[in-house]
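>>> I would like the atomic coordinates for the input below:
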Amino acid sequence: MVQNYLSALRAKHANLDRKISEEEGRPFPDTIRLHDLKKQKLRLKETLYAEPMGNPA
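The predicted model follows:
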């Protein structure tokens, strides 16, 4: 169950990474959207790396 949760977080992280790359590749990137995507990615990363430490199995 925890493994499924972590897999879902990793998939969301990869999806955000793809969206960031797409936005950065545009001729005129939307800096506000880019900032928001990067914040989301950072929050996900923090959750992803905090989860295994907070849940000793």
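
>>> residues contacting stretch 28-39, please?
L16, K19, I20, E23, E24 (CB atoms under 8 Å, 6 or more residues apart in numbering). From N, CA and C alone the C-beta is placed, and that goes for glycine too.

>>> let me redo that: stretch 9-18
By CB under 8 Å, 6+ apart, stretch 9-18 touches L37, Q40, K41, L44, K45, T47, L48, E51.

>>> which element, helix or strand, includes the fourth one?
Secondary structure from DSSP states H and E places L44 in helix 31-54.

>>> in that helix, what counts as buried?
Counting neighbours by 16 or more other CB atoms under 10 Å, one finds that the buried residues in helix 31-54 are L37, Q40, K41, L44.

>>> just to revisit the earlier point, now, which of the contacts of stretch 9-18 sits nearest Y5?
E51 (7.5 Å; CB to CB).

>>> flag the shaky bits of this protein, pLDDT-wise.
For the chain, the stretches flagged by pLDDT under 70 are 51-57.
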